[in-house]
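> Sharing a model prediction with you, sequence too.
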Amino acid sequence: GENVEQHPSTLSVQEGDSAVIKCTYSDSASNYFPWYKQELGKRPQLIIDIRSNVGEKKDQRIAVTLNKTAKHFSLHITETQPEDSAVYFCAPNNAGNMLTFGGGTRLMVKP
Amino acid sequence: GAVVSQHPSWVICKSGTSVKIECRSLDFQATTMFWYRQFPKQSLMLMATSNEGSKATYEQGVEKDKFLINHASLTLSTLTVTSAHPEDSSFYICSASALGWGDSQPQHFGDGTRLSIL
C-alpha cells in the first residue's frame, strides 16, 4: 500500500512568517494530491489540491507544489495568521480514489 | 455545495451496546462513501469503502462483523458498531465522493461522531 510521510510533525512560526509542510509518498500511480486542515474536534477541510498534470497551484495565501519524479508535494502558507493554527494532513490517492493520510503536522502561529 | 451530514455527533453508551452512525450527502449523489477512525492526536485511518448497492470493502485489520456498513442509497451510508467495547471509543468520520472507482475526486467529510463506551 501507499506509504505517506509528512514533515515536520510540529511547526511553530511567528504571525506573518511563511510555513512549509512536505509530504512524501511511495505509490507512483498517485495522481491526486490534496491537503486538509483539521481544527481540534472538527472535520478535515480540503484547503487545496493538485493533480499530476500540474506542478503548482495557488489560492491566495496557500499554494501547493508537486514533484512527481521525486514523489513529494508541499503545502506553502504565506503571511500566516493565528487562525491558520491547526493540524494539516496530506492525503495522496491510490487506485479507486482512496486517500492515504499522512501523520499530520501541527502548525502553531504565534501572534 | 458538497455538504456531508453525519449524525449523531456524540454518543456515550454502555459496553455491549450497538451504535449506528449515519452519513448523508445533502446536495450531491455519493457513489462512494468512506469511513475513517481517528484516535486522539493521530491521523485518520481508513476503515472501509462502500459503493452504493454493493458490499463494503474493509481495510486489513478491520472486523467486518463488528463494523457493519450499509450504503443503501446514493445519499446515505450507515456504520453500526456492534457490541461496542471501551476500546472502540474513538472519533469516527465519514466522507463522500461524487464519482466512483477510478476517478480522483475530492472527498467531503462529515462532522464526525465522538463515540465513548463506558
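That came in fine, so what should we check first?
> Chain A: strands as residue ranges?
Taking DSSP state E as the test, the strands found in chain A are A:5-7, A:10-14, A:19-24, A:32-38, A:44-51, A:56-59, A:62-67, A:72-77, A:86-90, A:105-110.
> for those, which one sits closest to residue B:42?
Counting by CB to CB, residue B:42 lies closest to strand A:86-90 out of those; the figure is 10.1 Å. Every C-beta, even on glycine, is put in place using the N, C-alpha and C of the backbone.
> Now residue B:6: closest residue in space, sequence neighbours ignored.
residue B:110 (2.9 Å; CB to CB, 6 or more residues apart in numbering or on different chains).
> and that neighbour, backbone torsions?
phi -80, psi 180 (degrees, to the nearest 10).
> Ok, residue B:88 next?
Here residue B:88 shows phi and psi, under degrees, to the nearest 10, equal to phi -80, psi -10.
> Just list the residues touching the residue nearest to residue B:6, thanks.
For residue B:110, the contact set (CB atoms under 8 Å, 6 or more residues apart in numbering or on different chains) comprises A:43, B:4-6, B:23, B:93-96.
> And residue A:33, by the same measure?
Per CB under 8 Å, 6+ apart, neighbours of residue A:33: A:23, A:49-52, A:64, A:66, A:73, A:90, A:92-93.
> From these, list the ones also adjacent to chain B.
A:49, A:51, A:93 (CB under 8 Å from any CB of the partner chain).
> which residues does the first one form a beta bridge with?
As for beta bridges, residue A:49 partners with residue A:34 under DSSP bridges.
> ok, now residue B:95?
residue B:34, residue B:109.
> Surely it and residue B:4 touch.
Yes. Here residue B:95 reaches residue B:4: they are 6.7 Å apart, a contact under CB atoms under 8 Å.
> what do the two both touch?
Here residue B:95 and residue B:4 have B:108-110 as joint contacts, going by CB under 8 Å, 6+ apart.
> Mind giving me the PyMOL select for the contacts of residue A:33, buried ones only?
Buried residues among those (16 or more other CB atoms under 10 Å in any protein chain shown), as a PyMOL selection:
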select buried, chain A and resi 23+49+50+52+64+66+73+90+92+93
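> which one of the shared contacts of residue B:95 and residue B:4 is nearest residue B:71?
residue B:110 (14.1 Å).
> For residue B:96, see how far away the closest one is.
According to CB to CB, to the nearest Å, residue B:110 and residue B:96 sit 8 Å apart.
> which neighbours do those two share?
Applying CB under 8 Å, 6+ apart, one finds that residue B:110 and residue B:96 are jointly contacted by B:4, B:23.
> if we can go back for a sec, which one of residue B:95 and residue B:4 has more residues nearby?
residue B:95 (27 against 24; other CB atoms under 10 Å in any protein chain shown).
> Residue ranges in chain A under the pLDDT threshold?
Low-confidence segments of chain A, defined by pLDDT under 70: A:95-96.
> now swap in chain B and tell me
Using pLDDT under 70, the flagged stretches of chain B are B:1, B:99-104.
> switch to 50 and redo it
Along chain B, segments meeting pLDDT under 50 span B:100-102.
> ranges for the strands of it?
B:4-7, B:10-13, B:19-25, B:32-38, B:45-51, B:57-58, B:67-73, B:76-81, B:90-97, B:108-109, B:113-117.
> wait, which of those is closest to residue A:3?
Of all the strands of chain B, strand B:45-51 comes closest under CB to CB, at 14.1 Å.
> helices or strands up against that closest one?
strand B:32-38, strand B:57-58, strand B:67-73 (3 or more CB pairs under 8 Å, 6 or more residues apart in numbering or on different chains; DSSP states H and E).
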